[in-house]
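Undergrad: Sharing a sequence plus its predicted fold:
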Amino acid sequence: GTRAILMAVQANIVKHLLFIRNTELTHLERLCKIGRREQGEALAAALADSLWAAGEGRGATVCLLSAAAHFAPRAGYRADSFTERVQLFEFSEKAAAQAFIFDHIHCFRDEGGHGLILFLYSLLFSRTLER
């Protein structure tokens, strides 16, 4: 199921909030005093960390949905009206990937945004299909 992926992302979020983010507050105060923007930043950092690791520190690919299809189905392919609309964005710097994810955080966080499946596709493309 999806629990394993969600737990890995949640662990990276907690790591970011407690140990990476610079703030004057104690560890517990850090968690109690975060706003929606900081939550988005933590999620973007966690997703970027995972994608960067999947890309072995050389790159990351972020998948988002577009309105139009990006390829025409061939014989034997069953269209699902999702995969055809996946658009790939490739990054050679982790900071650029993180900034891009934060700019599009609603795609991963909002209800109906398909965040988990987009993240899974991003992991697969970051890791590459050959590996």
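TA: Thanks, I have it.
Undergrad: In the chain, what helix or strand scores lowest on average pLDDT?
TA: Across the helices and strands of the chain, mean pLDDT, DSSP states H and E gives its lowest value to helix 27-32, namely a mean of 67.
Undergrad: Report the buried residues of the helix or strand following that one.
TA: Sequence-wise, the next helix or strand downstream of helix 27-32 (DSSP states H and E) is helix 36-54. Neighbour-count burial for helix 36-54, counted by 16 or more other C-beta atoms under 10 Å, picks out 40-52, 54. Where you see a C-beta, it was placed from the backbone N, CA and C, and this is true even at glycine.
Undergrad: His106: which of the residues you listed is nearest?
TA: Of all these, Gly40 has the smallest distance to His106: 8.6 Å, by C-beta to C-beta.
Undergrad: Would you mind confirming that the closest one makes contact with His104?
TA: No: applying C-beta atoms under 8 Å as the test, Gly40 and His104 come out as separate, 10.3 Å apart.
Undergrad: Centroid-nearest residue for the chain?
TA: Leu47 (3.9 Å; C-alpha atoms, centre = their mean).
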